[in-house]
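Asker: Compute the structure for the input listed below.
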Amino acid sequence: MITLQTSGFLEFVGRQMIQFFEYTAFANFTVGHLAMILVGMLFITLAITKEFEPLLLIPIGFGMIIGNIPFFPGLKIGIYEDNSVLNILYDGVYNGWYPPLIFLGIGAMTDFSALISNPKLMLIGAAAQLGIFGAYAIALALGFAPHEAGAIGIIGGADGPTAIFISSKLAPELMGAIAVSAYSYMALVPVIQPPIMRLLTNSKERIIRMRPPRQVSKTEKILFPLIGILLTCFIVPSGLPLLGMLFFGNLLKESGVTKRLATTASGPLIDVITILIGLTVGASTQATSFLTAKSLGIFALGAVSFVIATAGGVLFVKFFNLFLKEGNKINPLIGNSGVSAVPDSARVSQVTGQEYDKTNHLLMHAMGPNVAGVIGSAVAAGILLSFLY
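Answerer: A predicted model of the protein is given here:
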């Protein structure tokens, strides 16, 4: 009798142990999960050791680790399981309401003085958007559906929030790959852009000195967001969620009477949203749904898009200089800053320029096309939405 009871007890314990093992990550682990966890650790390593966009890469990298710890289906803990905590937090990405809040913070922390003092720099920001439409055309040629191609193309703007916003509207099923690709290339700005800039410029062009920007009045700074929203959103109303919040945030900053609101938008609010957007975007890269041929194709197209955008900005400055008199010419090394990775691409202009002339300070000039690129990418997103949504 005791033997039978012992046998039954051991059998019960055995079944419980097997069931417990089935619920562990080890039982559901695949090579794909390992690959994505390693990518997440690489992102964190680059953020810490190289300081490549740490505010983005650390949340995204850790999110990748979270998203690729496999679990038994039905526990309501995964990012794609309805009403799980991660799923609820991911709603801000999936339905596109995190990006406008990011743009509010960007507007509240951005000084548009460099652009206001030299409006022609806006053209460089516009030229850099060539990467968006170039990648859109290539994606179409490769067989992607028009709405997918539009969402992929926006990677060329090097603007993570805009990429998330437009992919949430056009291709939510590709959002994880598009978002991670956009943020990855934003972080790799100091690696990708300098070789392109050197390749497309000569020694004489790299040492062009530009006139110091003029002093911008407070009135001009206040009028800029008001005029900016009217001009851009009357042309592309579909860009209103991003552009409206960008210019509203800037008005909070420049009005001088809403300092508390501007401080909140540019500090605690954007920090919280950055944490949530980075963590959930990273967690959305579950190997079971992320590691596909289409995702790898998106990464490749993102690189092409980014190269086209950088080259487009530099080449446009070289072309524009043909029509400018000596003394008014623009250093083509600021052409790269037309992509909207603020302020990293402007910083790349400064660092690369000082390799050839340590006394030539390009940062203040590069900030003009850099902030113009933020506006330009949002306008480009509005244009794509207007005929693809």
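Asker: what residue lies at the spatial centre of this structure?
Answerer: residue 160 (1.8 Å; C-alpha atoms, centre = their mean).
Asker: Contact partners for it?
Answerer: Applying C-beta atoms under 8 Å, 6 or more residues apart in numbering, one finds that residue 160 lies in contact with 56, 179, 182-183, 186, 277. (C-beta placed from N, C-alpha, C; glycine too.)
Asker: ok, those vs residue 293, which is closest?
Answerer: Checking these against residue 293 with C-beta to C-beta, the nearest one is residue 179 at 18.4 Å.
Asker: Quick check: the gap between the closest one and residue 297.
Answerer: Taking C-beta to C-beta, to the nearest Å as the measure, residue 179 falls 15 Å from residue 297.
Asker: Name the residue in those two with the higher neighbour count.
Answerer: residue 179 (26 against 16; other C-beta atoms under 10 Å).
Asker: Around the closest residue to the more buried one other than its chain neighbours, count how many other residues there are.
Answerer: Spatial nearest neighbour of residue 179, excluding adjacent residues (C-beta to C-beta, 6 or more residues apart in numbering): residue 281 at 4.5 Å. Applying other C-beta under 10 Å, we find 29 residues neighbouring residue 281.
Asker: what helix or strand does residue 281 sit in?
Answerer: helix 270-283 (DSSP states H and E).
Asker: any idea of the mean pLDDT for whichever helix or strand comes after that helix?
Answerer: Using DSSP H and E, the next helix or strand after helix 270-283 towards the C-terminus is helix 287-290. Taken as a whole, helix 287-290 has a mean pLDDT of 78.
Asker: Which neighbouring elements make contact with helix 287-290?
Answerer: For helix 287-290, the packing partners by 3 or more C-beta pairs under 8 Å, 6 or more residues apart in numbering; DSSP states H and E come out as helix 31-45, helix 175-187.
Asker: and it, how far from the chain's centre?
Answerer: 21 Å (C-alpha atoms, centre = their mean, to the nearest Å).
Asker: One more: stretch 327-338?
Answerer: On the basis of C-alpha atoms, centre = their mean, stretch 327-338 sits 23 Å off its chain's mean C-alpha point.
Asker: Isn't residue 327 up against residue 208?
Answerer: No: applying C-beta atoms under 8 Å as the test, residue 327 and residue 208 come out as separate, 9.9 Å apart.
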